[in-house]
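>>> Sequence and predicted structure, then a few things I'm wondering about:
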Amino acid sequence: MGLSESVIESAKQQINSDATQVEKMIASLEDSQKSALGEWSKAETVRREAETVKRDLESKLASFEKMREKMMEEAEAKANKAIANAREEADLIIEELRDLQKEGAAIKEHKLIDAKKHLDAAVPKLVSKKQKQVKKKAEKAKRIPKVGDEVKVLSFNQKGSVIKKVTDKEFQVQLGIMKMTVELDDMQLLEKAPEPTKAITTIRGNDAHVKSELDLRGERYEDAMQRVEKYIDDALLAGYHQVSIIHGKGTGTLRKGVKQYVAKHPRVKSARDGGMNEGGLGNTVIELK
């Protein structure tokens with residue numbers, strides 16, 4: 001092609017240099033692969049050893065539980081035997097005392113009865129693990145909530161009310177403005193507060209009942225403040241102890257206005273931002289006096 005020898009020689013040198021670099025990269029990758037395989041082999045060995053230790057601990061724990069149950073049963077049997085012997089001796093003594101009473105000794109009958117009751121109450125009651133499990137299941141069965149019951153969701157430390165039964169172990173709960181499905185083990189049934197004398201009223205100019213929340217999103221500031229003033233009055237008449245005012249996040253103007261108003265209201269006990277499941281900064285939860 002008419003190229004000079006110097007150009008061709010320079011090209012040959014470039015090819016040799018690139019080939020050398022590629023060979024070095026391949027060698028480096030092979031070394032890294034060997035190292036990774038070695039580390040993986042070590043990790044696999046550690047994993048197998050951990051599995052062995054885990055199985056050994058589980059086996060020892062099971063043996064310990066069996067031994068513990070056996071010792072409790074033996075201790076209960078010995079205690080019951082000792083109490084039975086003591087009761088027999090007490091019965092004999094009481095009989096002797098009754099005989100003395102018949103002969104004229106000043107021993108009152110009610111004192112004998114009290115002594116026998118105290119002896120019966122002294123019987124130790126050892127509860128085995130199986131008995132505890134049965135008792136726990138029985139107590140839990142008594143506490144299954146129903147629609148309308150007030151509950152405390154333990155994982156969120158929030159109070160709410162049951163609005164729907166999903167399954168035997170799951171219930172839909174209303175937490176503030178949020179609805180969520182909660183497992184039975186994550187709920188604590190609360191005692192219902194006494195019904196207020198006048199629990200429901202109607203908002204002036206509206207046939208709907210007073211709700212436990214007021215939504216101000218999209219409202220003009222002046223209109224929103226008028227609605228807040230009117231809503232708190234209606235909520236107090238309705239007997240609510242806690243309500244929510246949803247103002248959204250936006251520019252923060254509505255939120256600031258609501259905070260300032262409720263801080264000065266004589267019938268507002270406290271105000272806080274909504275929790276994680278209550279709308280956060282977009283909701284103000286108010287406790288009324």
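Here it is on my side, so go on. Numbers count the residues shown, from 1 in each chain.

>>> elements contacting the longest helix along the chain?
Using DSSP state H to define each element, the chain has its longest helix at helix 5-102. Helices and strands touching helix 5-102, by 3 or more C-beta pairs under 8 Å, 6 or more residues apart in numbering; DSSP states H and E, are helix 109-121, helix 129-142. Using the backbone N, CA and C atoms, a C-beta is placed for each residue, glycine as well.

>>> and if we set it to 7 Å?
Applying 3 or more C-beta pairs under 7 Å, 6 or more residues apart in numbering; DSSP states H and E, one finds that helix 5-102 contacts helix 109-121.

>>> what's the average pLDDT for the helix it packs on?
Averaged over helix 109-121, pLDDT sits at 59.

>>> Kindly report the same for stretch 279-289.
According to the model, stretch 279-289 has a mean pLDDT of 87.

>>> how long is that stretch end to end?
This stretch, stretch 279-289, spans 23 Å end to end (C-alpha to C-alpha, to the nearest Å).

>>> List the buried residues for that stretch?
279, 282-286, 288 (16 or more other C-beta atoms under 10 Å).

>>> tell me which of the residues you listed is nearest to Gly252?
Gly252 has its nearest neighbour among the buried residues of stretch 279-289 in Gly282, at 10.2 Å by C-beta to C-beta.

>>> Does that closest one touch Gly252 like I think?
No: if you go by C-beta atoms under 7 Å, Gly282 and Gly252 don't touch, sitting 10.2 Å apart.

>>> which element is Glu222 on?
When secondary structure is defined by DSSP states H and E, Glu222 falls within helix 221-238.

>>> Farthest pair within the buried residues of stretch 279-289?
The span of the buried residues of stretch 279-289, defined through C-beta to C-beta, is set by Gly282 and Leu288 at 20.6 Å.

>>> Report all helices and strands that the helix holding Glu222 contacts.
strand 213-215, helix 253-264.

>>> now with 6 Å?
helix 253-264 (3 or more C-beta pairs under 6 Å, 6 or more residues apart in numbering; DSSP states H and E).

>>> how is this structure carved up into domains?
Domain assignment for the chain by automatic domain parsing gives 12-134, 143-189, 213-288.

>>> Save the ones you listed as JSON lines, and put in distance to Met1 too.
Formatted as JSON lines, the domains of the chain follow (distance: least, C-beta to C-beta, whole Å):
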{"stretch": "domain 12-134", "distance to Met1": "15"}
{"stretch": "domain 143-189", "distance to Met1": "78"}
{"stretch": "domain 213-288", "distance to Met1": "72"}
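
>>> of all those domains, which lies closest to Glu5?
Closest approach to Glu5 among those (C-beta to C-beta): domain 12-134, 10.5 Å.

>>> Assign Val243 to helix, strand or coil.
strand (DSSP: H, G, I helix; E, B strand; the rest coil).

>>> which residues does it bridge with?
Ile286 (DSSP bridges).

>>> quick one: least confident helix or strand in the protein?
Lowest mean confidence among the helices and strands of the chain (mean pLDDT, DSSP states H and E): helix 129-142, at a mean of 56.

>>> and the following helix or strand past it, which residues are buried?
Next along the chain after helix 129-142, taking DSSP H and E as the criterion, comes strand 150-153. The neighbour-count check on strand 150-153 (16+ other C-beta under 10 Å) flags 150-151, 153 as buried.

>>> Stretch 181-192 now?
Neighbour-count burial for stretch 181-192 [16+ other C-beta under 10 Å]: 182, 184, 186-187, 189.

>>> residues making contact with it?
Contacts with stretch 181-192, where a contact means C-beta atoms under 6 Å, 6 or more residues apart in numbering, come from 143, 145, 150-155, 166, 169-173.

>>> State the mean pLDDT of the helix holding Glu222.
Mean predicted confidence for helix 221-238 is 87.

>>> Next: stretch 57-75.
pLDDT averaged over stretch 57-75 gives 87.

>>> chain center to that stretch: distance?
What separates the centre of stretch 57-75 from the centre of its chain is 30 Å, taken as C-alpha atoms, centre = their mean, to the nearest Å.

>>> now stretch 234-253
On C-alpha atoms, centre = their mean, the centre of stretch 234-253 falls 27 Å from the chain's centre.
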